[in-house]
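Undergrad: what's the 3D shape of this:
(chains A and B)
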Amino acid sequence: MPRSAATIRRVETALAAASRFALVTLVALGAFAALLTAAGKDPLKAYVDTVLYVFGNAYGFSELLVRMIPLLLTAVAVALPSRMGLINVGGEGQLYMGAWLATAGALGFSDQPAVVLLPVLTVLGFVGGGLWALIAGLLRALRLVNETISTLLLNYVAPMIVGFFIFGPWRSPESASYPQSPAFVDAARLPGFLHTRVNAGLVYALVCLVLYRLLMTRTRWGLEMQAIGGNPEAARQLGIPLFRYILAVMFAAGGVAGIAGMVEVTAIQGRLVSELSPGYGFIGFLVSWLARGGAGGIVVMSFLFAVISSIGDILQITQGLPFAVVDILMAVVLFIVLGRRPAGRAR
Amino acid sequence: MLECHEAEGFFGAGMTGPPLIEASGIVKRFGSLLANDVAHVEVRPGEVLALLGENGAGKSTLAKILYGYTTADAGDIRVRGERVEISSPRQARALGIGMVFQNFTLIPALSVLENVALFQQDLPAVPRRRDILERIASHAERFHLAVDPRQPVRQLAVGDQQKVEILKQIVGGVRVLILDEPTKVLAPQEAEGLFATIAQLRAEGFGVVLITHKLREVFRCADRIAVMRQGRIAGLLDRREASEERLLALMFGEALVAPARRPRRPVGDGPTDALVLDGVSTSGGGGATALHNLSIRIRAGEIVGFAGVSGNGQRELGELVMGLRRPHAGTKRLWGVDASRWSVATVRDRGVAAIPDDPLALACVPGLTVRQNLALGTGRRYRAGLGVDWQELDGAMRRSFARLAFPLPNFNAPAATLSGGNLQRVVLARELAHAPKLIVALYPTRGLDARSAMTVRALLDEARDSGAAVLIISEDLDELFAVSDRLLVLHRGAITGEFGPAEFRAEAVGPLMVGAGASADAA
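TA: Next up, the predicted model:
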C-alpha cells in the first residue's frame, strides 16, 4: 500500500514539474517574442528556425548535447551542496580552475599515452575545481565567510589565474598575438562520438548525475546531508559532523564543476583559452535552482537552456542580432522563477 | 508572605458595576483546528480571573483575541457594557486592555524610562522626562514594581523586565491586565513579588486575567477560575468552590491520578560513576553562559536534578555532557574514561541519550520522514554498506514504541505533519531504543500536557531503576522535587547548592537559584 501511494506521489511531482517546466518555457518565450517584435525582428521565424536547426538534422542536435554537458555538470555542482543548505554560486570559477589544473597535466605529461593521461586529467580537473571550492567550504566551516559570498567572489579570481598563465608561462609560441596555451597532444584530447563534437564528457555528466541521485537516495551520507539541510541545529545535536560534511561536499561539488572545465579544454578547445566559458557556471546555477536539485529536473532544465542558447545562435546567423540577446531570455526565465517563489522561502 | 486576598474590602471581589470586559460566543479556527469556542467570559473590576488549562487548551488564543492581537471568526466583545470591535493591540490599549506576553516586547537597548514612555497613548511630540519619571515612581511604589528607570532594559534580570512590562501597561492607563504564564520565567520568591503586585492591582479595582497551568497559582491568586479544555470553557468556578480534584477533572475531562512514585533507592558509594565533572569550566561567548569550576558526580541508578532560573548555564551544561561544548579547564569523565574531547557521535555511541525540550527544533528534521528521523544519530547501529538497514531499524524502533506504550506513528509521514506531542514521542522512542546508560533530559516536559509529562517522568524513573543515570534539568521545582534523587542548584554557571530529598522545599532551594541567600529576605 505505501508503495503505490509513493508511486502516485512520485507521478504527481513529475507532472507538477513538467507543467512548471512548460509554463516557464511558454511565458519566457512569449515575453522574449514581444521583445523581438518590438526590435523589428520576427520571433516566430527565429523559433521555427531553431526547431528546424536543433531537431531537423543530426548536427544541430549533436551541438545541443555538447551545450548540455557543462550545464549538467555545473548544475550538479550547485545541487549537491544545496541539499545541505549550502549555496554554491561558484561553478564558473571552479570550472576555470578544473580546466587550469587539467591543462597543467596535459602540458606536463604530454608524453603519456591516452589511457594514462585521460584518467589523470580527469582527476586533476576534479581536484582543481574541488580545491577551489574547498576555500569557500573551509571559510564557511570555520564560520568566517558565508559560502554564497566567497564562491561568488572567487569566480572573478579564477579567470585571472587562467589569464596569468596563458599570457605568461603557458603562452603558445605559435600564436604570439593571441593569448592561449599550446594545443594539447592528441593523447590529451577527450574522444568524441561519431565524428561530432559530442564527447566522453557526456558520459562523465551522466555518471555524475546518477552518482548524485544514488548518493542522495540510497546512502546514509545523503540522509545526513538532508538532515543538515533540513535542520542544522538538530543535526549538530545528533552528532552529525557538520564541519567534515561542509568540506567534503564543497570539495566534491567543486570537483564536478572542475570536470566541466576539464571537458571544455580537452574535448572542445584542445587548449586553455581565456574565454573558456560563456557563463556555464551561472547557467548551471539557474538549472539546478529550476530543477530544485532533482537529478531528472537537471536534465530537463539543461535541455531547455541548451535550446535557449541555440536560439541565440540562430538569431545571430539569420537575423543579425548579437548572441548576447539570449542573456535577455535567460534573465526572463530567472525572473519568472524568482517571481514564482513564495516570499521568505529558500527554495 | 503576602496573600492576594488580604485587601478584601470595598474593592474586593464581587465589586459591582459592569464588567471591565466581557466576551460572548467567541469562535476562532486555525484551519481545521477549533482553537476557541467560548460561550461567555467576563472580568469584573477588582477581580483576578484565572484561565487554567493545559497547553493547547486555547488560553493564549482567547487572551490574544481580547487584546486584539488575533481577531475572532465570530463573537461579541463588550468593554464596560459597550460593544466594541478590537482589531489591534493599539485599539485594545485605548480601551484600557493590556497584555504581558510570555516573550517580552521590550526594546533592550532603551532604558526603562524610554520603554515606558514609548507605550503611552498620550505621549507628546517632545516628552517631558520629569513627568514620566514621576508617573513611573508613583506607580512603581504602589504596585511593588521598583526598578531603576534609567537603566537599559538589556541589563535587567528577567524578573525586573517583567516588572517593566507591567509598569508600562499600568502607567499607560490600562484597567484590564492579561498576564500570559507570568511565573514561567520567575524564581519562587520573584513570583511572590508578582503576587503582591497582582494583589494591589486587585485592591485598586483593576481586572486581572492570569493565564496559567499551575494549580498552586490559581489557589493563591484567583477569585474565579475559568478552566479551558479544547478551546472551550469547561467550567467556571469560584475559588471557594474549587478543589484540586475538581479542577483536574475539568482540565482533563476525567480524574487524572498521578502514579505512586517508586520509593527512592538510596545510592551508596557502591555503584559506578556514570558522569564525573572535575573542575570543569567552559567559555561563554555568543550569548552562552560560561560554566565555572563545576564538580559533579552522577552515579548509575540515580536521578540528579538541576534547578535554576533559565539562562544560568543549564543548556550549556547539557551541551557539555553531550560533547557539543568542550571544557577549557577540568575534565569530563564518562564511566571513568576521560571524555573531554569526545565528539557528539562518540558520546552517543557510548550510550548517552539526549531528550531535548524542543524536539522540532533540536532533534528532528521536519522535511524528512519519521523513519528517516529515527535513523538520525543512531551511529553505526543500523549501517548496511553505504546505506541504512531500514528493516532492522524499523524492527528496533517498533519494539521501542511498544516498550514505551506509545502509539505507532506512520513511519512514512514527514515529521513536520506530526503534532508536538507525537514528535516528542518519536524522539523518546529513538533515544531510549538502545538502553542508554546516561540520559540527559533538558526541560523534558516543557510543552507537554500533564498526562504526557507524567509518562515522561515515569520513563525516567524506569530508566533509573534499570540502572541508568539520569541528569534532568528543569525550571519547574515541583517537577524536580517529584523526580530527583538529588538536587543541585545552578546559578550563573556555578553550582550554588546541593539538596537531598528531605530538604526539597521551595523556600530552601529558591534563594540559591537567584544567588545565595541575598534576596531570601525579600520573599
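Undergrad: from here on, just use CA atoms for contacts and neighbour counts.
TA: Will do.
Undergrad: the residue nearest the centre of chain A in helix, strand or coil?
TA: Nearest to the geometric centre of chain A sits residue A:74, at 2.1 Å (CA atoms, centre = their mean). For residue A:74, the assignment made with DSSP: H, G, I helix; E, B strand; the rest coil gives helix.
Undergrad: for residue B:405, see how far away it is.
TA: 50 Å (CA to CA, to the nearest Å).
Undergrad: which secondary structure element is home to the residue in the stretch 401-523 of chain B that chain A sits nearest to?
TA: Taking CA to the nearest CA, chain A has its nearest neighbour within the stretch 401-523 of chain B at residue B:412, 7.9 Å off. Using DSSP states H and E, residue B:412 maps to neither a helix nor a strand.
Undergrad: could you list the low-pLDDT ranges of the stretch 251-400 of chain B?
TA: B:253-271, B:285-287 (pLDDT under 70).
Undergrad: for the residue nearest to residue A:106 when sequence neighbours are not counted, grab phi and psi.
TA: Counting by CA to CA, 6 or more residues apart in numbering or on different chains, residue A:106 lies nearest to residue A:188, which is 5.9 Å off, once chain neighbours are set aside. Here is the backbone geometry of residue A:188 (degrees, to the nearest 10): phi -100, psi 10.
Undergrad: neighbours of residue A:188, how many?
TA: For residue A:188, the neighbour count with other CA atoms under 10 Å in any protein chain shown is 31.
Undergrad: wait, it touches residue A:110, no?
TA: Yes - assessed by CA atoms under 8 Å, residue A:188 is found in contact with residue A:110 at 7.2 Å.
Undergrad: what touches both of those two?
TA: Counting by CA atoms under 8 Å, 6 or more residues apart in numbering or on different chains, the shared contacts of residue A:188 and residue A:110 are residue A:117.
Undergrad: ok, residue B:494 to residue B:488 distance?
TA: 10 Å.
Undergrad: give me the more crowded residue out of those two.
TA: Ranked by neighbour count (other CA under 10 Å), residue B:494 and residue B:488 place residue B:488 first, with 22 against 19.
Undergrad: mind listing what that one touches?
TA: Going by CA under 8 Å, 6+ apart, residue B:488 touches B:304-307, B:495-499.
Undergrad: nearest spatial neighbour of it, chain-adjacent residues omitted?
TA: According to CA to CA, 6+ apart, the nearest residue to residue B:488 is residue B:498 (4.5 Å).
Undergrad: which strand or helix spans that neighbour?
TA: Here residue B:498 sits within strand B:494-499, counting by DSSP H and E.
Undergrad: quick one: strands adjacent to the helix or strand containing residue B:228?
TA: Using DSSP H and E, residue B:228 sits in strand B:224-229. According to DSSP bridges, strand B:224-229 forms sheet pairs with strand B:47-52 (parallel), strand B:232-238 (antiparallel).
Undergrad: looking at the ones you listed, which is buried most?
TA: For the strands paired with strand B:224-229, the largest average neighbour count (mean count of other CA atoms under 10 Å in any protein chain shown) is found in strand B:47-52, namely a mean of 29.
Undergrad: surely the residue nearest to residue B:488 and residue B:487 touch.
TA: Yes - using CA under 8 Å, residue B:498 is in contact with residue B:487, at 5.7 Å.
Undergrad: if you count surrounding residues, which of the two has more?
TA: Between residue B:498 and residue B:487, counted using other CA under 10 Å, residue B:487 has the larger neighbour count: 26 against 16.
Undergrad: chain center to the strand or helix carrying the more buried one: distance?
TA: Assigned by DSSP H and E, residue B:487 belongs to strand B:486-491. Here the centre of strand B:486-491 is set off from its chain's centre by 18 Å, with CA atoms, centre = their mean, to the nearest Å.
Undergrad: what residues does chain A put near chain B?
TA: With CA under 8 Å from any CA of the partner chain as the criterion, chain A meets chain B at residues A:2, A:218-221, A:223-224, A:226-227, A:230-231, A:233-241.
Undergrad: what does the stretch 301-450 of chain B put close to chain A?
TA: B:324, B:343-346, B:348, B:361-368, B:372, B:376-377, B:386-388, B:412.
Undergrad: of the residues you listed, which belong to strands?
TA: If you go by DSSP state E, these have B:387-388 in strands.
Undergrad: re the thing from before, show me which of the contacts of residue B:488 is closest to residue B:464.
TA: residue B:304 (10.3 Å; CA to CA).
Undergrad: now the element after whatever helix or strand that closest one lives in, going C-ward?
TA: Using DSSP H and E, residue B:304 sits in strand B:303-307. Moving toward the C-terminus from strand B:303-307, the next helix or strand (DSSP H and E) is helix B:314-322.
Undergrad: by contact count, what packs against that next one?
TA: helix B:344-349, strand B:438-442 (3 or more CA pairs under 8 Å, 6 or more residues apart in numbering or on different chains; DSSP states H and E).
Undergrad: which of these sits most buried?
TA: Using mean count of other CA under 10 Å, strand B:438-442 ranks as the most buried of the helices and strands packed on helix B:314-322, with a mean of 24.
Undergrad: where's the nearest residue to residue B:336 once chain neighbours are set aside relative to residue B:59, distance?
TA: Leaving aside its sequence neighbours, residue B:336 sits nearest to residue B:273 (CA to CA, 6+ apart; 6.9 Å). For residue B:273, the distance to residue B:59 equals 45 Å [CA to CA].
Undergrad: of those two, who's got more company?
TA: Set side by side, residue B:273 and residue B:59 show more neighbours around residue B:59, with 30 against 17, by other CA under 10 Å.
Undergrad: spit out the contact partners of that one.
TA: B:51-53, B:211, B:228, B:231.
Undergrad: residues in contact with residue 72?
TA: This is for chain A. A:205, A:209, A:284, A:298-299, A:302.
Undergrad: right idea, wrong chain: chain B
TA: Contacts of residue B:72 by CA under 8 Å, 6+ apart are B:26-28, B:65.
Undergrad: which pLDDT does the model give it?
TA: Note on residue B:72: pLDDT of 87.
Undergrad: so it, which state does it fall into?
TA: coil.
Undergrad: give me the mean pLDDT for stretch B:145-161.
TA: 86.
Undergrad: how is chain B partitioned into domains?
TA: As recorded under automatic domain parsing, the domains making up chain B are B:4-252, B:259-351+B:436-523, B:363-435.
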